[in-house]
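> whatever this is, show me its structure:
(6 chains)
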4 protein chains.
Amino acid sequence: MNQISGDRNSTVRRDNRLETVLDSAARCFCERGYDAASMRDIARDAGMKAGSLYYHFSSKSELLVAVHEEGIRRITALVKAALVKPGSPRNRLEAAMVAHLEALLGGGDYAQVVIRELPEMSDEQRSRLIGLRDDYEDIFKSLIDALPLKDARARRHLRLLLFGALNWTRTWYQPGDETPGDIASGFLDLIKQR
Amino acid sequence: MNQISGDRNSTVRRDNRLETVLDSAARCFCERGYDAASMRDIARDAGMKAGSLYYHFSSKSELLVAVHEEGIRRITALVKAALVKPGSPRNRLEAAMVAHLEALLGGGDYAQVVIRELPEMSDEQRSRLIGLRDDYEDIFKSLIDALPLKDARARRHLRLLLFGALNWTRTWYQPGDETPGDIASGFLDLIKQR
Amino acid sequence: MNQISGDRNSTVRRDNRLETVLDSAARCFCERGYDAASMRDIARDAGMKAGSLYYHFSSKSELLVAVHEEGIRRITALVKAALVKPGSPRNRLEAAMVAHLEALLGGGDYAQVVIRELPEMSDEQRSRLIGLRDDYEDIFKSLIDALPLKDARARRHLRLLLFGALNWTRTWYQPGDETPGDIASGFLDLIKQR
Amino acid sequence: MNQISGDRNSTVRRDNRLETVLDSAARCFCERGYDAASMRDIARDAGMKAGSLYYHFSSKSELLVAVHEEGIRRITALVKAALVKPGSPRNRLEAAMVAHLEALLGGGDYAQVVIRELPEMSDEQRSRLIGLRDDYEDIFKSLIDALPLKDARARRHLRLLLFGALNWTRTWYQPGDETPGDIASGFLDLIKQR
DNA sequence: GATGAATGAGTTTTCATTCAT
DNA sequence: CATGAATGAAAACTCATTCAT
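This next block holds a predicted model:
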């Protein structure tokens, strides 16, 4: 999972150390949290020296921003891919939930960083990340708007209920438990139909 | 040395410095997270110097443990107090949810620390805290078991759904939004009756 | 000259490590220049570890500011002391020049820091130091104003000529050369009387 | 490898990149000082990457030496050019002073580097630079020797007075002030005729 | 009880330099 | 000629902790 000198195919880009660095940062931020993960930790994981990281990223917080951006890109792609198949509003919501959970629980360091609390950072960085997160959440907003729910208040509560519950799985989920599909349908089955 | 409310028997409580320290630690851990909060931050907040903290607590992680214990004690007390009045299973669950949210959203630094990710600490400390958390969650487990739900799997999912959604509120709640009561009933209204 | 555990007298303040630190900083800034002097250098000279310096000064640049302030305090005191005796305007100017040179050439690390180029620092710090320098130069301004010189332009030029020449001595003076008194009178003897 | 104007024989001067590098180094050393100027700063100013500098110069200190050499070559040429016209000893001295000031104050990064304090460098480099500086100062020595001054001591003091004052101008001169000519004649007018 | 002073190990970051391409 | 990528050493600074007073 951490191919340092990975030989993916043949002609592909060698020396994509930047990707390696990003992967290592994601892993460390995910395992230890932003503050507890040191640049040395990340560098060691990436097979380089701490100073070398600064060739690719100008600061630790820029690294976090980059991991975040990549994380949102990935989870957005996964969820959108799960939505290409048509289906009932409820089925589409469930598909998105499953994709979200798979990204979160299936070894995805990036996804877990995305839903973590943001550490102290510059306002510019902060609002950039919050914007990305909001864009992502909008996907769920539309999915829920498509459901036959009485009022806006209920739709809002449903979104917050499901999104919170999904993100919180991270704190209790053990691989070997149920599958993401089990969890998503388990959650949805508890919800009133209209 | 760090019993929190050790001697309430005397009318004049001494050791109110210890309470101050604990309050400051709760506030700092809550605002910045355990790793980003420094002993100096906590000391400054408490109006003392960093070294003085060690008179009351032998290490930073002991401070975290103490805040945790006090936090669980408080939220448990609040929730239990909300459950003294009898009522239908559903009403009792809602009352507990409201109490939980009030502890979490109503300026409660302690409560917010309790639901945060645990930093790296000794196994002994970790399992102690996890035990306390589990005890607390058991209250909700019983409340849900009292509901007329078909099977154990649904009950487990309901618990995880509600608990996750409640704890996640902290990431989006803004004071001035709805009240904890609004949120709790909003969430519960979405749940199927059986 | 660098008494680390100096036992000046008997009852005097022990643990004036802050003064020790300031002395060491003055020495290092003087010998190597601000940028080339490291906090470790200064700490080693002061007989402590680098981190300990931060107990006394919050940053390297604050240390420089403090050395500067102390340096100006000292040289101002020396020059003012040299001016308590009355005398002709010319004699008073010469006395001030001698005092300035003695501070500069007689092993005075502080004085040499004061006349050095300022490194990059915050505007606030910079203007504070420039203010102190200006106050000091005003002493020479008044001394020269007391001379029987035709016009303001000549007075300004005389001040810049003498002040520049005095400060430049630092680059060529070797102990064992002439005394500060020789230099000052040598310079003044070259100047027209009116 | 770092001859500056190596092959002017060919009409197309190659190596104009080397000149660019030298200019950038002069600018950075002048603005920030040797220690505070980084190779990256210089490279950025020259429009290249840090590593590329090493094609032209084998080290940062070699760059300083080269800037120094070029600086002395330039200021020497300027002063010598100002001395081709014949004139009274006093007029010749004034002409040299004006040329020196023009080099120093007229945007001349090279000249300002030449009069800056030398950083720590190898003895070999240091004595080479000091030799060049001395050669340059000898021009002023001869000019002053041509004046009708009583004794060697006075001549020495006059040289040190004027040279110091001229070099110190850099610390107070603001473009828009007087011209170099004004300053030079202002200084000289203060000096006794014999 | 509390603090002033220090420490040592750590942090993030910078920088001159190297070298294969 | 130039650069992308790295390195190792050192920079400034932080921090949990200790301890004599």
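
> within range of DNA strand F, give me the residues from chain A.
Among all residues of chain A, those adjacent to DNA strand F (criterion: CB under 7 Å from any atom of the strand) are A:Asp15, A:Arg17, A:Leu18, A:Met48, A:Lys49, A:Ala50, A:Gly51, A:Ser52, A:Tyr55, A:His56. C-beta here means a position set from N, CA and C on the backbone, and glycine is covered the same way.

> one more pass at 6 Å, please.
A:Asp15, A:Arg17, A:Met48, A:Lys49, A:Gly51, A:Ser52, A:Tyr55 (CB under 6 Å from any atom of the strand).

> are any of those buried, and if so which?
A:Arg17, A:Met48 (16 or more other CB atoms under 10 Å in any protein chain shown).

> confidence-wise, which of the residues of chain A next to DNA strand F comes last?
Lowest-confidence member of the residues of chain A next to DNA strand F: A:Asp15, scoring 57 (pLDDT).

> buried sites along stretch A:154-170?
A:154-155, A:157-170.

> could you work out the most separated pair of those?
Of all pairs drawn from the buried residues of stretch A:154-170, the one with the longest distance (CB to CB) is A:Ala154 and A:Arg170, at 26.1 Å.

> phi, psi of A:Ile191?
Note on A:Ile191: backbone dihedrals following degrees, to the nearest 10 are phi -90, psi 140.

> contact partners for it?
Contact analysis of A:Ile191 by CB atoms under 8 Å, 6 or more residues apart in numbering or on different chains lists A:Leu158, A:Leu162, B:Leu190, B:Ile191, B:Lys192.

> how does it look with 6 Å?
Contact analysis of A:Ile191 by CB atoms under 6 Å, 6 or more residues apart in numbering or on different chains lists B:Leu190.

> how close does it sit to C:Gln193?
According to CB to CB, to the nearest Å, A:Ile191 and C:Gln193 sit 103 Å apart.

> same check on A:Gly131?
Taking CB to CB, one finds A:Gly131 at 76 Å from C:Gln193.

> give the contact list for the residue nearest to the spatial centre of chain A.
With distances taken as CA atoms, centre = their mean, A:Ala111 lies nearest the centre of chain A, 2.0 Å away. A:Ala111 makes contact with A:Gly71, A:Ile75, A:Ala103, A:Leu104 under the criterion CB under 6 Å, 6+ apart.

> what residues does chain A put near DNA strand E?
A:Ser38, A:Met39, A:Arg40, A:Ala50, A:Gly51, A:Tyr54, A:Ser59, A:Lys60.

> can you list the domains in chain A?
A:1-57, A:59-189 (automatic domain parsing).

> hmm, the shortest one touching chain B?
Which is domain A:1-57. Yes: counting by CB under 6 Å from any CB of the partner chain, chain B is contacted by domain A:1-57 at A:Asp35, A:Ala36.

> quickly check: that domain near chain D or not.
No: contact of domain A:1-57 with chain D (CB under 6 Å from any CB) is absent, the minimum separation being 11.0 Å.

> distance from that domain to the middle of the chain?
Relative to the chain's own centre, domain A:1-57 is displaced by 18 Å; criterion: CA atoms, centre = their mean, to the nearest Å.

> after the worst-scoring helix or strand of chain A on mean pLDDT comes which helix or strand?
The least trusted helix or strand in chain A, going by mean pLDDT, DSSP states H and E, turns out to be helix A:123-145, with a mean of 93. Downstream of helix A:123-145, the first helix or strand assigned by DSSP states H and E is helix A:152-172.

> tell me which residues of stretch A:90-105 are tucked away?
Buried-residue list, stretch A:90-105, by 16+ other CB under 10 Å: A:92-105.

> and these as JSON lines, adding secondary structure and distance to chain D?
JSON lines is the format used below for these (DSSP: H, G, I helix; E, B strand; the rest coil; distance: CB to the nearest CB, whole Å):
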{"residue": "A:Arg92", "secondary structure": "helix", "distance to chain D": "50"}
{"residue": "A:Leu93", "secondary structure": "helix", "distance to chain D": "51"}
{"residue": "A:Glu94", "secondary structure": "helix", "distance to chain D": "52"}
{"residue": "A:Ala95", "secondary structure": "helix", "distance to chain D": "48"}
{"residue": "A:Ala96", "secondary structure": "helix", "distance to chain D": "46"}
{"residue": "A:Met97", "secondary structure": "helix", "distance to chain D": "48"}
{"residue": "A:Val98", "secondary structure": "helix", "distance to chain D": "48"}
{"residue": "A:Ala99", "secondary structure": "helix", "distance to chain D": "43"}
{"residue": "A:His100", "secondary structure": "helix", "distance to chain D": "43"}
{"residue": "A:Leu101", "secondary structure": "helix", "distance to chain D": "45"}
{"residue": "A:Glu102", "secondary structure": "helix", "distance to chain D": "43"}
{"residue": "A:Ala103", "secondary structure": "helix", "distance to chain D": "38"}
{"residue": "A:Leu104", "secondary structure": "helix", "distance to chain D": "41"}
{"residue": "A:Leu105", "secondary structure": "helix", "distance to chain D": "43"}
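
> hmm, what's the outermost residue in chain A?
A:Lys150 (30.5 Å).

> pull the residues that contact stretch A:48-67.
A:Leu18, A:Val21, A:Ala25, A:Ala26, A:Tyr34, A:Met39, A:Arg40, A:Ala43, A:Val113, A:Met121, A:Gln125.

> which pair of those spans the longest distance?
A:Arg40 and A:Gln125 (22.3 Å).

> more crowded one of the two?
More neighbours surround A:Gln125 than the other of A:Arg40 and A:Gln125, with 17 against 13 (other CB atoms under 10 Å in any protein chain shown).

> residues contacting that one?
A:Val65.

> distance of it from chain B?
15 Å (CB to the nearest CB, to the nearest Å).

> how about the residue of chain A found nearest chain D, phi and psi?
Of all residues in chain A, A:Tyr55 sits closest to chain D, at 11.0 Å by CB to the nearest CB. Reported as degrees, to the nearest 10, the phi and psi values for A:Tyr55 are phi -70, psi -30.
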